[in-house]
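> Next input, structure requested:
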Amino acid sequence: MNLDDVLDSVNKVINLSEQYFVELGDLFPSLLNREGSTSLQNLQTVLNELYEGNEKSNHLEAELFSDYAEKYNPLFEELNNKISTLSELDKMIAGIKEDSEQMELIALNAMVISIKSGERGQAFSRITENLQRLSNDMFIFSDKLLEEEKQLIEHINELQKIFKNIMESQKKVSQQGSNSSQAVSSLISGVLGPLGQMEQNINSVYPPIQKAMTTLQLQDIVRQSLEGIKNCLLKIKNTDLLVAGSDDQLDSIELNRKIFEVCNEILDYIINQITNSFLEFDQNWSEVTTLLEDVESEKQNFSSRFLSDISISGENINTRLAQISGDFEKLMSEFSNYHLVQKDLLHTTQSITEKARTMYSVFGNLRPVMSRLHHVRILQQIEVSKNEAIKSVKDSVTDMDNLINSANNSLDIMETLLSQFITDTKNLLTNFTVSISKDNDNMLILRKEKGQYFDELKAAQNRLAAIISNFAVFPMGFEDKYRRVASDLSGISALNVELKEYRNHLNQIVSDLETKEKDLLASRGMITWQIKNPEYQELIEQLTISARKGATGEFSGGTENTSSAGDITFF
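Modelled structure (predicted):
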């Protein structure tokens, strides 16, 4: 290899090393750049959004159904107490009916006696006829009152039955919601765990990449050192075209030998720097490679468990989400049932209030009858007291008087009980209606919240389908950049092998020059030679100083002392 070939090789190494380092200068920061989201991060985002939505709807559901039964148990205890009041009314109404029947019988007997009295008993007969009619009215209204009371009790029982249905529906809503929520939580926690572990390993990839990036500090050393060698070689390219055996030739040989020695010193420095740097790089890059293999293995396991359509673990995300969506559809259907039962409950509550008013209205018909009975009773007493022909019915009149007074007393008590019942029931049901209406409104809010979450769930399925179709854990192009970095650094390592070959070749040149110099000196009877050309001597001193500075880490191509640790200087 002649000097031109060496220069060409040096230029080739300079150009290749510059190419490698320029590309590495772009690749390393790009590898470390974590802007933008990966499939893994997008999957985490979707799952975290589902988790937050699930927690929100669960919190709302817990507030609505907390102590739901306990809240309304006092109401139905009060209603049961009111039914016992109706039982008392029932007994009194039955008593009035019985009194009415007895009054009617007494009136019939008195009428028979008055008819037998002939013309003198006609007035009493008419009075007794009115009494009979009024007694019959009392019976009819009492019977009607009993019928209204019966219907009222049926409405109250229906209210309790409907409320029981509400409790059952609420239980189904709560259970269905709880099952769906637990399924969502189980899915999310089951997936986020492996994702978190994978993310942790992914994060651990970047520190050794950052350390490996310090290899870029070689670029100035290699470039400037090789430029120094190139300059040295250019200076001595034509110095051997001198008169054979002259002092100038010996100066030229000595200059060439010493400059080649300087070049070898520079090459030693470059080779040692690259070798030492690559020892650290290989350690860091080996760690990167191992971590990437671990991440890839985790990714494959994760995909097999959670993303594959043929997952044997039963943990496929899409399949489980489809099942959860089906459960949510059942939940939404149960909400509709709940809402319908709530409407029945409100309707029945209104019916109880209306039926109680109707009952009071029917009761109001008894008062005029009772007033007329009192009037007829007085007329009857007057007629008996002045008509000797009907003195025999005096006891019957007394019995009638007692029955009317008894019925009147019962009506007074009934009016008090019924008025109190209506007032208490109205207040009770008014509060109940307000509370149940509020619950119904809250249920509608919960239904809306669950509906929105159901929509989010369906949207998540579509988003997940896109993520799963191209699941990646590193930013786009990361693997390719990783391979290119390894390739470029392998190229630099190969250049180091070439530099060793150049060093061996230069060593041979130095050896050849030493032999040639000895032969020339021997022909002149000399053993050593001191360069006589002062320019040559000055050049050798300058290059020697530069080379030795480089060998101690102060070479002009090294990192500046002012640079902080880890700082990189690019081309």
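> Domain ranges for the chain, per the record?
3-37+205-310+473-551, 52-199+315-469 (automatic domain parsing).
> nearest to L43, of these?
L43 sits nearest to domain 52-199+315-469 of all the domains of the chain, at 5.3 Å, using Cβ to Cβ. Every residue, glycine included, has its C-beta placed from N, CA and C.
> show me where pLDDT drops low in the stretch 401-550 of the chain?
Where the stretch 401-550 of the chain drops to pLDDT under 70, the residues are 546-550.
> mind listing the helices for the stretch 51-200 of the chain?
68-116, 122-212 (DSSP state H, counting those that start in this stretch).
> Identify each buried residue in the helix or strand just after the longest one, please.
Toward the C-terminus, helix 122-212 is succeeded by helix 218-235 as the next helix or strand (DSSP states H and E). Neighbour-count burial for helix 218-235, with 16 or more other Cβ atoms under 10 Å as criterion, is recorded at 218-226, 228-230, 232-233.
> Run the chain-centre distance for the helix or strand that helix 218-235 is followed by.
Downstream of helix 218-235, the next assigned helix or strand under DSSP H and E is helix 247-302. Chain-centre distance of helix 247-302: 51 Å, with Cα atoms, centre = their mean, to the nearest Å.
> in the stretch 251-400 of the chain, which segments are predicted with low confidence?
Using pLDDT under 70, the stretch 251-400 of the chain drops low at 311-312, 389, 392.
> one step back: rank the helices of the stretch 51-200 of the chain by pLDDT, which is bottom?
The minimum mean pLDDT among the helices of the stretch 51-200 of the chain belongs to helix 68-116 (a mean of 79).
> What is that helix packed up against?
If you count contacts as 3 or more Cβ pairs under 8 Å, 6 or more residues apart in numbering; DSSP states H and E, helix 68-116 packs onto helix 122-212, helix 317-386, helix 394-469.
> can I assume I266 is in contact with Q224?
No - using Cβ atoms under 8 Å, I266 makes no contact with Q224, being 9.7 Å away.
> Tell me the buried residues in stretch 358-365?
T358, M359, Y360, V362, F363, N365.
> Out of the helices and strands packed on helix 68-116, which gets nearest to S304?
helix 122-212 (11.1 Å).
> re earlier: need the helices and strands packed on helix 68-116 in a markdown table with distance to S100, can you?
As requested, the helices and strands packed on helix 68-116 are arranged in a markdown table below (distance: least, Cβ to Cβ, whole Å):
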| stretch | distance to S100 |
| --- | --- |
| helix 122-212 | 4 |
| helix 317-386 | 9 |
| helix 394-469 | 7 |
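> how about those helices, which one is nearest G525?
helix 122-212 (59.6 Å).
> quick one: that closest one to helix 394-469, angle?
If you take axes from the mean of the first three to the mean of the last three Cα atoms, to 10 degrees, helix 122-212 sits at 20 degrees to helix 394-469.
> could you check the angle helix 317-386 makes with helix 122-212?
160 degrees.
> who does helix 122-212 touch, helix- and strand-wise?
Looks like helix 122-212 contacts helix 3-32, helix 39-65, helix 68-116, helix 247-302, helix 317-386, helix 394-469 (3+ Cβ pairs under 8 Å, 6+ apart).
> Can you say which of those helices is nearest to D143?
Here helix 68-116 is closest among the helices and strands packed on helix 122-212 (Cβ to Cβ), at 6.5 Å.
> what's the angle from the closest one to helix 122-212?
Using the same axes, to 10 degrees: helix 68-116 against helix 122-212 is 170 degrees.
> what about helix 68-116, distance to the chain center?
62 Å.
> thinking Q219 is in contact with S17, fair?
Yes - using Cβ under 8 Å, Q219 is in contact with S17, at 7.4 Å.
> How many neighbouring residues does the nearest residue to E383 once chain neighbours are set aside have?
Counting by Cβ to Cβ, 6 or more residues apart in numbering, the nearest residue to E383 once its immediate chain neighbours are dropped is F124, at 4.7 Å. F124 has 25 neighbouring residues, counting by other Cβ atoms under 10 Å.
> got it, and T353?
18.
> That one: what's it in contact with?
T353 makes contact with T425, K426, L429, according to Cβ atoms under 8 Å, 6 or more residues apart in numbering.
> Adding distance to N470 and neighbour count, write those residues out as CSV.
As requested, those are exported to CSV (distance: Cβ to Cβ, whole Å; neighbours: other Cβ atoms under 10 Å):
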residue, distance to N470, neighbour count
T425, 67, 22
K426, 67, 14
L429, 61, 22
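> Need those residues in a markdown table (columns: distance to K394).
As requested, the contacts of T353 are exported to a markdown table (distance: Cβ to Cβ, whole Å):
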| residue | distance to K394 |
| --- | --- |
| T425 | 46 |
| K426 | 47 |
| L429 | 51 |
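> which one of these is nearest L50?
Closest to L50, out of all of these and judged by Cβ to Cβ, is L429, at 42.2 Å.
> Now do the closest one against L159, distance only.
Separation of L429 from L159 (Cβ to Cβ, to the nearest Å) stands at 9 Å.
> quick one: F139 from N58, how far?
Using Cβ to Cβ, we find F139 at a distance of 61 Å from N58.
> What sits closest to L226 if chain neighbours are left out?
I14 (4.8 Å).
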